[in-house]
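quick one, what's the 3D model for this:
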Amino acid sequence: MILRPDYIEALKPYIDTPLVKILSGVRRCGKTTILMMLADELRSRGVSADCIIERRYNEMKYDGFTAKEMYRDLMAAVDGKGRCYLLLDEVQEIDGWEKVLNDLLEKNAADLYVTGSNSKLMSAEIETYLTGRYVPIPVYTLSFREYLTFRGKEQTDAAAFDEYLQYGGFPVIGISNFDTHTAYQVVEGIYASVITRDISKRHRIRNRELFDRVVRFIIENVGMTFSANTIVKYLKNEKRTLSVETIYNYLKWLGEAFIIYPCKRYDLQGKEILKTQEKYYLSDISLRYSQMGFDSKMLSAMLENVVYLEMKRRGYEVYIGKNQTKEIDFVGVRRDERIYVQVCDRLPEHSERETANLMEIRDHYHKYVVCRDPLASGNDNGIEIVTITDFLLREKW
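Numbering: from 1, shown residues only. Below you'll find the predicted structure:
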């Protein structure tokens, strides 16, 4: 097992607190492994193996399991053992799981950790039963640093990053030696499972072919500003009809299954989040390759996607910056911190093309131009120009 210590560090402050710790993210992003790492951490603290109770609710033996059966099983597992730790994987497979956890919390029966692959884990039911008594911990596919660890690489040169850019960050890919074709087939399987199990079946989508067209449009336009109306017009040109409301539902469901993340626009002048013309990024760049193949023409958008995910991993709320008529690729906000980031493939001969928009922002926060160009470095009037490998591997920005 290759460790992902950042997630254990995120969990440590919450061990033995009266909160449900909820780890959520796209299927196969490594949540189960994080629970295994947590079990090791607990054992290292002297917790008896008998007091660490693990359940994998996507296993066949739990098919059809009811909430009452789940409750009775867990209460029997902790009975008479003193302080116990429940590590419950893919709990969304059990209808009513949040009621079970609420009751366990009320009884102080155990320290609770759960994972899930859709945001049913953040649904109204949780707000009803667990308000103020849970902490969300998002789980992402491998960062570049983690990918290097999984691949056993020490080098941080452009070649290592190009490999990451080609294969993406699903752990099953990072730990294997698949060729490109096989890697994308594996990712296609993950994608198909999410689309079928977490979206199509759950929401009873009748016209799967039309839904797939919408998803393809979103994937093709990663990093581009568009709206539901944009998709309606696109379908109309193809002689197909779909309502704006249905498009909004599709976008919502794709987000709930962690296929996409919305990135809203932030007006730097008015200090407000705008409600129109969002961008969307994928939970892993390989999802695009699995559907459309690898194409160097899409690199700019994929570089943005990589930077966006890294900012999310580090706890930033990420927005597109709107500064009057100018656009900043990303504005990252974390408590009282803020950073501004422009992303490009190659630095133009006249780098002011990339720094001009940043220069118009009159504050003291860090500003970066991040690019794949291995020779990119320097400082332009307080704006740092940095390679994407350096940016991704820095401990702090």
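
going by C-alpha atoms from here, please, whenever you check contacts or count neighbours.
Will do.

pLDDT weak spots in this structure?
For the chain, the stretches flagged by pLDDT under 70 are 119-125, 349-353.

centre-most residue in it?
The central residue of the chain, meaning the one whose C-alpha is nearest the mean C-alpha position (CA atoms, centre = their mean), is Tyr140 at 4.2 Å.

double-check that that residue belongs to a helix.
No: membership of Tyr140 in a helix is not supported by DSSP: H, G, I helix; E, B strand; the rest coil, which gives coil.

list the buried ones in the strand or helix carrying Phe217?
For Phe217, the enclosing helix or strand under DSSP states H and E is helix 208-220. Under the neighbour-count criterion of 16 or more other CA atoms under 10 Å, helix 208-220 has Phe211, Val214, Val215, Ile218, Ile219 buried.

give the other helices and strands that it contacts.
In this structure, helix 208-220 makes packing contacts with helix 286-292, judged by 3 or more CA pairs under 8 Å, 6 or more residues apart in numbering; DSSP states H and E.

helix, strand or coil: sort out Ile385 for me.
Using three-state DSSP, the secondary structure recorded for Ile385 is strand.

and it, how many neighbours?
Other residues within reach of Ile385 by the criterion other CA atoms under 10 Å amount to 24.

ok, now which ones touch it?
Tyr368, Val369, Val370, Cys371, Ala376, Ser377, Gly378, Asn379 (CA atoms under 8 Å, 6 or more residues apart in numbering).

distance of it from Ile247?
39 Å (CA to CA, to the nearest Å).

could you give the number of residues near the nearest residue to Ile137 once chain neighbours are set aside?
Nearest non-adjacent residue to Ile137, counting by CA to CA, 6 or more residues apart in numbering: Leu23, 4.8 Å away. Each residue near Leu23 was counted by other CA under 10 Å, and the total is 25.

got the contact list for the helix or strand hosting Leu23?
For Leu23, the element it lies in under DSSP H and E is strand 20-24. Outside strand 20-24, the residues that touch it by CA under 8 Å, 6+ apart are 11, 14, 31, 101, 111-119, 121, 133-139.

and it, C-alpha only, in CSV?
Output for strand 20-24, consisting of C-alpha atoms alone and laid out as CSV, is shown next (Å, rounded to 0.1, in the frame of the first residue of the first chain):
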residue,chain,number,x,y,z
VAL,A,20,-18.9,12.0,11.5
LYS,A,21,-15.9,12.2,9.3
ILE,A,22,-17.1,12.0,5.6
LEU,A,23,-14.6,11.3,2.9
SER,A,24,-16.1,11.8,-0.6
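
which elements pack onto the helix or strand following that strand?
Next in sequence after strand 20-24, counting helices and strands by DSSP H and E, comes helix 31-44. Based on contacts counted as 3+ CA pairs under 8 Å, 6+ apart, the elements that helix 31-44 packs against are helix 5-11, strand 85-89, strand 111-116.

ok now the first one, how far from the chain's centre?
Which is helix 5-11. Using CA atoms, centre = their mean, to the nearest Å, the distance from the centre of helix 5-11 to the centre of the chain it belongs to is 16 Å.

one step back: tell me which of the helices and strands packed on helix 31-44 sits most buried.
Across the helices and strands packed on helix 31-44, the average number of neighbours (mean count of other CA atoms under 10 Å) peaks for strand 111-116, which reaches a mean of 24.
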